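[1] Just the structure for this:
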Amino acid sequence: MSDAMIRLTMAQAVVRYLCAQFTEIDGDRVPLFAGVFGIFGHGNVTCLSEALEQVQDRLPTWRGQNEQSMALAATAFAKARLRRQIMIATSSVGPGATNMITAAGTAHANRLPLLLLAGDTFVNRLPDPVLQQVEHFGSPSTTVNDGFRAVSRYWDRIVHPAQILSSLPNALRVMLDPADCGPAFIGLPQDIQEIAYDYPAAFFAERTWRIPRPRPSRDEVAEAATLLKTARRPLLISGGGVRYSGAGAALADFATRRGIPFTETIAGKGAVVHDHPAYTGAMGIEGTDASKALAEEADVVIAVGTRLQDFTTGSWTAFAPGARFINVNAARFDAAKHFALPVVGDALECLAEIDAALGDWTCDPARMRRAQALYTDWNAALDAVQAPTNAPLPSYAQVIRVVNDHATVHDTMVTAAGGLPGETAKNWRVKAPDTYDLEFGFSCMGYEIAGGWGHAMAKTAADGTQTGVPIVMVGDGSYLMMNSDIYSTVLTGHKMIVVVCDNGGFGVINRLQTGMGVPGFNNLLTDARVKDRANPPHVDFAAHARAMGAEARSCAGLSELGEAMVWAQTTDRTTVLVIETDAHTWTEGGADWYVGVPEINDRDSIRKARAGQENLRAKQRRGV
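    From the prediction side, this is the model:
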């Protein structure tokens, strides 16, 4: 190794190192870090921005409107790139940094790589307390950046310029490890960013990172194959890890040849198209009745690349008490859940080795015939709920059908919190793999529009051409929470189509509230403390979007929405379509959900809901 040294400030060295990192996507060598989302303040504007300005042709910096939405856009970008390319988000100290904590939680829950570089207070403490510093009287080394510890896979604060020599490679190791993947946070104190230090030139040598594919233990594979051969009613569950492994086609082929029907988690939705012959739709609370029936009678469940969140398992009520689980996962933490037989490794490698160990075993063809009949019935039910009616307002299902019909094969549907997760998980018919993004690991309101910006960036080639358009479906509640990246996409030229479903408040949480016997309260505008409940002020979402430079239309019904979708595909910028939707009509189906209901209450409606919950809890699978 050369003993040559390069003298740089710590901030310059950080940026130079990040520019030297590369990855491979479909055989092409590309920068590992595609860009930086940045809002500059006194914690990062004088040193880090100076370093970024010098490399803007290699590491472009994009100015966001809100630190949280910037980091959410970065998270969506990583998801769209299947965790093979990463974005950076940087902020100043104080509120700029804490704004990113929610986004870090979103990335952590979804196992997505995100590099966060936040300014920090002075290590020397000479000017303390500085602007935006939150002082901890008994812990002077604590800053607001310690709040990231709970939502980061890797956390560090640089208090000497030499520390980046170990910290940066370790942050990359975590973000690129399929088992540990998640956000990495590095705090950059202002007085350390400015210090010059002699760094080894070798530290800045170009490196190409490759996502590892760990192979499973032979013993675990053998045990899994032995157990699966005993199954009469097996079921496959395809999770997000299947998509990130690129194992969608392999899982579908495995299921078809072995005669095992497969369902999917919310994170896994989109690995295959809606009409695959072995597919039965989403699993769990927001799933299909076909998958629910198959899960309830399954004797062996193969869960591939999923952490088995409660919306997938129906709070662990969706399976027969004696069902055996084979958990295939890159993370042993997830593979060992609920007394499962673990197979630890990459989804693609594990499926191949389990397949080889099965020999000529196949499931009784009656199992697949039953699955296909159930799924046919489910699709007929979808056609019925999606069909236009004479109701005063359209349902979510009807709106989704119109948008889905007008989406091209390259467009990606993006949504997150509220009523749209369940409604799109059931009603959106995926036309091509990896064209569906429902952020539901953290169920983060405000992800939708920011996420659309990240997907639009991921769909944009180096020459500026954009293949497909993110179609963001968002409720009025989430829109009002975070919408400023409509302006960001107009500024940067990253087009998306935003469909705002205005149901007058927080519709789905009102459904849960009233469904558990509590009168509607503080969710719909008509139940909130507003001046005129009978006639609350109406937000003109289309006018608001136009004020940010977007194209926009308000649609009076499904026919106008269809016409507007045709128009939106022809515009040259982000286009917002607004339609009023019914706050009380939902697509039925799927598993039940364990929620807390008061044990003592005088209302009969709450007592009835409590009794229903007690019956549900009696069916819960017990495990860890």
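
[2] Please list all residues in contact with Arg215.
    Gly345, Asp346, Glu349, Cys350, Glu353 (C-beta atoms under 8 Å, 6 or more residues apart in numbering). Backbone N, C-alpha and C define where each C-beta goes, glycine included.

[3] can you pick the most crowded of these?
    The residue in the contacts of Arg215 with the most neighbours, by other C-beta atoms under 10 Å, is Cys350 (31 neighbours).

[4] Against Gln12, how distant is that residue?
    Distance, Cys350 to Gln12, using C-beta to C-beta, to the nearest Å: 43 Å.

[5] Likewise for Ala391?
    Taking C-beta to C-beta, one finds Ala391 at 62 Å from Gln12.

[6] out of these two, which sits in the more crowded spot?
    Gln12 (23 against 10).

[7] rewinding a little: so which of the contacts of Arg215 sit within helices?
    Among these, the residues falling in helices (DSSP state H) are Glu349, Cys350, Glu353.

[8] Next one: the last one, what pLDDT does it get?
    So the one you mean is Glu353. At Glu353, the model reports a pLDDT of 98.

[9] Spatially, what comes nearest to it if we skip its sequence neighbours?
    If the residues on either side of it in the chain are set aside, Glu353 comes closest to Val221, at 4.7 Å by C-beta to C-beta, 6 or more residues apart in numbering.

[10] so where does the one you found fall, helix or strand?
    Take DSSP states H and E as the rule and Val221 turns out to sit in helix 218-229.

[11] immediately after that helix, which helix or strand?
    For helix 218-229, the following helix or strand on the C-terminal side (DSSP H and E) is strand 234-238.

[12] residues touching Ile486, list them.
    For Ile486, the contacting residues are Ile449, Val498, Ala545, Met548, Gly549, Ala550, Thr574, Val576, by C-beta under 8 Å, 6+ apart.

[13] Narrow these to just the buried residues.
    Among those, those that count as buried by neighbour count (16 or more other C-beta atoms under 10 Å) are Ile449, Val498, Ala545, Met548, Ala550, Thr574, Val576.

[14] can I get those residues in TSV with pLDDT and secondary structure?
    Below are the buried ones among the contacts of Ile486 laid out as TSV (pLDDT from 0 to 100; DSSP: H, G, I helix; E, B strand; the rest coil):
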residue	pLDDT	secondary structure
Ile449	98	helix
Val498	98	strand
Ala545	98	helix
Met548	98	coil
Ala550	98	coil
Thr574	98	coil
Val576	98	strand
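
[15] Pull up the distance across stretch 342-349, start to finish.
    End-to-end distance of stretch 342-349 (C-alpha to C-alpha, to the nearest Å): 14 Å.

[16] now the end-to-end length of stretch 172-188.
    With C-alpha to C-alpha as the measure, the first residue of stretch 172-188 is 17 Å from its last.

[17] Rounded mean pLDDT for that stretch, please.
    Mean per-residue pLDDT for stretch 172-188: 97.

[18] buried residues in that stretch?
    172, 174-188.

[19] how far out from the middle of the chain is stretch 65-77?
    Its chain's C-alpha centre and that of stretch 65-77 lie 12 Å apart, by C-alpha atoms, centre = their mean, to the nearest Å.

[20] State the distance from the most centrally placed residue in the chain to Leu308.
    Most central in the chain under C-alpha atoms, centre = their mean is Glu439, positioned 3.3 Å from the mean C-alpha point. Glu439 sits 18 Å away from Leu308, going by C-beta to C-beta.

[21] cool, Ala13 as well?
    Look at Ala13 and Leu308: by C-beta to C-beta, they are 42 Å apart.

[22] Between the contacts of Ile486, which sits nearest Gln466?
    Nearest to Gln466, judged by C-beta to C-beta, of the contacts of Ile486 is Thr574 at 11.4 Å.

[23] just checking, the closest one touches Glu551?
    Yes - using C-beta atoms under 8 Å, Thr574 is in contact with Glu551, at 7.3 Å.

[24] Now for those two: what residues contact both?
    With contacts defined as C-beta under 8 Å, 6+ apart, the residues adjacent to both Thr574 and Glu551 are Ala545.

[25] May I ask which two of the contacts of Ile486 are separated the most?
    The most distant members of the contacts of Ile486, if one measures by C-beta to C-beta, are Ile449 and Gly549, lying 13.9 Å apart.

[26] Just put the contacts of Ile486 in a markdown table and tack on distance to Phe77.
    Below are the contacts of Ile486 laid out as a markdown table (distance: C-beta to C-beta, whole Å):
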| residue | distance to Phe77 |
| --- | --- |
| Ile449 | 14 |
| Val498 | 18 |
| Ala545 | 22 |
| Met548 | 21 |
| Gly549 | 22 |
| Ala550 | 20 |
| Thr574 | 17 |
| Val576 | 21 |
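
[27] quick one: low-confidence ranges for the chain?
    Across the chain, residues meeting the criterion (pLDDT under 70) sit at 1-2, 623-624.

[28] ok now do Leu512, which residues does it touch?
    Contact analysis of Leu512 by C-beta under 8 Å, 6+ apart lists Val595.

[29] Nearest to Thr412 among the buried residues of stretch 172-188?
    Of all the buried residues of stretch 172-188, Thr412 sits closest to Cys181, with 20.8 Å by C-beta to C-beta.

[30] separation between the closest residue to the closest one other than its chain neighbours and Val539?
    Leaving aside its sequence neighbours, Cys181 sits nearest to Arg111 (C-beta to C-beta, 6+ apart; 4.9 Å). In this view, Arg111 and Val539 are 35 Å apart by C-beta to C-beta.

[31] the more surrounded of these two?
    Using other C-beta under 10 Å as the criterion, Arg111 and Val539 rank with Arg111 on top: 25 against 16.

[32] Hmm, that one is touching Gly240, no?
    Yes - if you go by C-beta under 8 Å, Arg111 and Gly240 touch, sitting 7.0 Å apart.

[33] Leaving out chain neighbours, which residue sits closest to Ala104?
    Val151 (4.1 Å).

[34] what does the helix holding Val221 rub up against?
    234, 300, 302, 324, 326, 328, 341-344, 350, 353-354, 357-358, 361.

[35] Of these, which pair is most distant in space?
    Using C-beta to C-beta, the contacts of helix 218-229 span at most 22.5 Å, a distance reached by Val344 and Trp361.
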